[in-house]
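A.B. asks: Generate a structure from the sequence data that follows.
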Amino acid sequence: MIETERLYFRKFELDDLPLLIEQRSDPDMNRYLGGTRTQNPEALAKRIRFYISCYDSHGFGMCPMFYKETGEMIGAAGLQPLEDTGEIEVGYSVIKPLWGRGIGTEAAKGWMEFGFSKFGLDRIVAVALVENAASRRIMEKLGMQYEKTEEHYGEHCAFYAVPRKDFCKGV
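C.D. replies: Numbering: from 1, shown residues only. Coordinates of the predicted model:
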């Protein structure tokens with residue numbers, strides 16, 4: 001499993017579902033994750049099983065993110081297949097009290113380094129709602145380039161990508 005300076009991750013377990021539901025019920029947190037359409041108890045019960053199955057089949061997946069300073073679960077981050085595209089996506093979500101502290105960037109960078117070095121991925125992509133300027137800034141800091149706008153997860157998303165050779169590790 002991976003660790004960064006302030007964060008550590010482990011594979012999701014079904015026991016993490018109540019806290020995931022609690023965190024993603026915050027309207028400010030879930031508005032960029034599909035809102036209550038995708039961030040409700042039923043949908044999240046399916047999603048956590050998807051996260052676990054990704055880890056089992058690929059050796060990586062979306063994982064709970066823990067803040068070393070407190071041991072508290074503060075969101076989720078990881079790598080996973082992007083729907084039916086054949087691409088590997090980096091994703092991240094952080095609880096609102098910790099927004100603006102560079103945690104999303106740190107988490108994404110850690111997972112991208114893991115994907116490029118341990119799994120030899122040639123390219124990693126990310127998507128964000130077009131209006132999610134903070135997430136798009138994270139992608140750009142990490143060397144990702146905007147490629148197009150298209151539908152993902154039922155939403156109008158900006159699609160970014162970076163090949164291994166262009167990944168910015170020095171963020």
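A.B. asks: Quick one: low-confidence residue ranges for this structure.
C.D. replies: For the chain, the stretches with pLDDT under 70 are 30-39, 168-171.
A.B. asks: residue ranges of the helices in it, please?
C.D. replies: 17-24, 27-30, 35-38, 41-58, 103-118, 133-141 (DSSP state H).
A.B. asks: Go through those helices and pick out the most buried.
C.D. replies: Most buried of the helices of the chain by mean neighbour count (mean count of other CB atoms under 10 Å) is helix 103-118; its value is a mean of 21. For the C-beta atoms, the positions are set from N, CA and C on the backbone; glycine is no exception.
A.B. asks: and the angle for it with helix 41-58?
C.D. replies: 30 degrees (axes from the mean of the first three to the mean of the last three CA atoms, to 10 degrees).
A.B. asks: residues making contact with helix 103-118?
C.D. replies: 2-7, 9, 59-60, 65, 67, 74-75, 77-79, 88, 90, 92-94, 121, 124, 126, 134-135, 138-139, 141-142, 162, 164, 167, 169, 171 (CB atoms under 8 Å, 6 or more residues apart in numbering).
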